[in-house]
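Participant: model the structure of this input:
(one chain, ligands or ions: 1)
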Amino acid sequence: MRADILYQAAPAYDERPAWSREEFEAKLRERGRSYHIHHPFNVMLNTGKATPEQVRGWVANRFYYQIAIPVKDASIMANCPDRDIRRGWVQRILDHDGFEIGGIKDPGGIEAWLRLAEAVGLAREEVLDLRHVIPALRFAVDAYINFARKAPWQEAVCSSLTELFAPEIHKQRLATWPQHYGWIEPEGLGYFRNRVSQARRDVEQGLAVTLDHFNTRALQERALEILQFKLDILWAMNDAMAQRYGVNA
Ligand SMILES: O=C(O)c1cc(C(=O)O)c2c(n1)C(=O)C(=O)c1cc(C(=O)O)[nH]c1-2
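Facilitator: Numbering: from 1, shown residues only. From the prediction side, this is the model:
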């Protein structure tokens with residue numbers, strides 16, 4: 001039973017063998033069964049049953065997650081003494097914040113999310129000033145940032161592994177939204193297109209760190225708890241939005 005995700009009891013002597021890398025990875029992937037792709041609010045969104053208000057509510061609230069991600073990644077880097085890891089990890093910050101280096105420009109994922117917001121009929125200001133963000137959703141997202149600040153960096157890396165399941169949810173939106181929500185300008189969906197390949201690359205790196213670091217049975221079980229903690233954050237965000245905006249049958 002997990003009390004506080006940041007508190008880890010000293011391991012008792014444990015003679016159980018570690019799972020092989022393949023078994024451990026399979027156990028991590030099994031947790032996809034509690035991914036928010038199955039949450040009734042998300043099912044409603046991706047089966048075309050949401051009203052424009054519900055879609056707007058989701059986009060405006062999810063913006064708070066989008067802006068938290070690079071802060072979370074900067075916290076991981078700040079705690080990480082390994083130069084090779086930081087060198088790979090910094091790409092995530094560039095992906096979301098964008099960059100302009102040597103004449104090459106990318107406006108980044110946060111800007112792409114703002115374009116999505118405009119495509120669904122929100123004004124940039126009302127998204128940027130966070131006026132629509134539900135308190136419970138904010139607490140859920142803040143728990144993710146706090147964990148990344150305080151936990152050992154390998155644990156924070158492990159908590160990003162919900163991205164294992166993210167390409168599927170982005171692909172689902174790309175497949176169903178244009179069909180159901182003709183009122184959304186299709187260029188607004190660029191964020192989801194970009195994330196399919198970015199998430200795959202992120203997962204390779206996050207999974208390599210996790211499979212290397214969590215190398216005893218007790219640590220592997222700890223990794224599963226951390227992944228569940230993050231799955232619960234995403235689920236709680238959807239609970240907050242379902243409560244505020246309702247779920248249509
Ligand atoms: O739309 C989604 O359902 C979804 C979920 C997740 C996730 O599983 O954490 C991420 C994203 N999107 C996403 O776009 C993204 O950039 C991202 C980064 C991370 C992370 O934990 O570092 N998760 C996610």
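
Participant: and residue 9, what's its pLDDT?
Facilitator: On the pLDDT scale, residue 9 is placed at 74.

Participant: same deal with residue 14?
Facilitator: With respect to pLDDT, residue 14 scores 84.

Participant: what sits against it?
Facilitator: 216, 217, 218 (C-beta atoms under 8 Å, 6 or more residues apart in numbering). C-beta here means a position set from N, CA and C on the backbone, and glycine is covered the same way.

Participant: out of the residues you listed, which end up buried?
Facilitator: Among these, those buried by neighbour count (16 or more other C-beta atoms under 10 Å) are residue 217.

Participant: let me know the closest of the contacts of residue 14 to residue 9.
Facilitator: Nearest to residue 9, judged by C-beta to C-beta, of the contacts of residue 14 is residue 218 at 9.5 Å.

Participant: my read is that the closest one contacts residue 11, right?
Facilitator: Yes: the criterion here is C-beta atoms under 8 Å, and residue 218 meets it with residue 11 at 4.5 Å.

Participant: quick check: the residue of the chain nearest the ligand.
Facilitator: The nearest approach of the chain to the ligand comes at residue 162, 3.3 Å away (C-beta to the nearest ligand atom).

Participant: number of nearby residues for residue 128?
Facilitator: Neighbour count for residue 128, taken as other C-beta atoms under 10 Å: 14.

Participant: for it, which non-adjacent residue is closest in space?
Facilitator: Nearest residue to residue 128 in three dimensions, chain neighbours excluded: residue 114, at 7.5 Å (C-beta to C-beta, 6 or more residues apart in numbering).

Participant: and if you look at residue 171?
Facilitator: Excluding the flanking residues, the one nearest residue 171 by C-beta to C-beta, 6+ apart is residue 196, at 6.2 Å.

Participant: what helix or strand does residue 105 sit in?
Facilitator: strand 104-106 (DSSP states H and E).

Participant: ignore what I typed, I meant residue 28.
Facilitator: Assigned by DSSP H and E, residue 28 belongs to helix 21-30.

Participant: pull the distance from that helix to the chain's centre.
Facilitator: From the chain centre to the centre of helix 21-30 is a distance of 19 Å (C-alpha atoms, centre = their mean, to the nearest Å).

Participant: that one: which residues count as buried?
Facilitator: Across helix 21-30, burial judged by 16+ other C-beta under 10 Å covers 24, 28.

Participant: can you tell if it touches the ligand?
Facilitator: No: residues of helix 21-30 contacting the ligand under C-beta under 6 Å from any ligand atom: none, with a closest distance of 12.9 Å.

Participant: same check, this time on stretch 173-187
Facilitator: No: counting by C-beta under 6 Å from any ligand atom, the ligand is not contacted by stretch 173-187; separation bottoms out at 7.7 Å.

Participant: go on, stretch 75-86?
Facilitator: No: using C-beta under 6 Å from any ligand atom, we find that stretch 75-86 stays clear of the ligand, coming within 8.9 Å at best.
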